[in-house]
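S.K.: A structural model of the following input is requested.
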Amino acid sequence: MQRRKKYSRYQYPKECKRCEYFQPRWRYRFCYYTRCPYQIRDSTIRKTPLKKENFPPKEVVSVKNV
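M.R.: Numbers count the residues shown, from 1 in each chain. This next block holds a predicted model:
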């Protein structure tokens with residue numbers, strides 16, 4: 001995941017998709033915080049949850065010959 005540029009105190013994103021805390025893959029929320037830090041929206045909870053959460057596959061590590 002790449003971090004988006006930080007905003008100064010007086011400059012904030014115009015929409016959620018440009019915010020550095022936007023999480024498009026989370027099932028029930030679309031922001032890292034429960035309340036928007038920039039007050040773009042009142043709630044960060046999705047109206048309808050996503051069907052599936054997309055997480056990276058688990059990493060398999062071999063412990064042989066250690």
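
S.K.: give me every residue that touches the residue nearest the centre of the chain.
M.R.: In the chain, the residue lying closest to the centroid (CA atoms, centre = their mean) is residue 23, at 2.0 Å. Contacts for residue 23 (CB atoms under 8 Å, 6 or more residues apart in numbering) come out as 29, 30, 31, 32. C-beta coordinates here come from the backbone N, C-alpha and C atoms, glycine included.

S.K.: Same question for residue 30.
M.R.: Contact analysis of residue 30 by CB under 8 Å, 6+ apart lists 16, 22, 23, 24, 44, 46.

S.K.: Counting neighbours, which of those comes out on top?
M.R.: residue 44 (21 neighbours; other CB atoms under 10 Å).

S.K.: my guess is that residue contacts residue 33, does it?
M.R.: Yes: with contact defined as CB atoms under 8 Å, residue 44 and residue 33 form a contacting pair (6.4 Å).

S.K.: quick one: secondary structure of the residue in the chain sticking out farthest from the centre?
M.R.: In the chain, counting by CA atoms, centre = their mean, residue 65 sits farthest out from the average C-alpha position, at 38.9 Å. Of the three states, residue 65 takes coil under DSSP: H, G, I helix; E, B strand; the rest coil.

S.K.: ok, so what distance separates it from residue 55?
M.R.: Using CB to CB, to the nearest Å, residue 65 is found at 30 Å from residue 55.

S.K.: roughly how far out does stretch 44-53 sit from the chain middle?
M.R.: 12 Å (CA atoms, centre = their mean, to the nearest Å).

S.K.: typo on my end, it should be stretch 14-33
M.R.: Counting by CA atoms, centre = their mean, stretch 14-33 comes out at 4 Å from the chain centroid.

S.K.: if I look at residue 11, how far off is residue 61?
M.R.: 43 Å.

S.K.: of the two, who's got more company?
M.R.: Of the pair residue 11 and residue 61, residue 11 is the one with more neighbours under other CB under 10 Å, namely 8 against 5.
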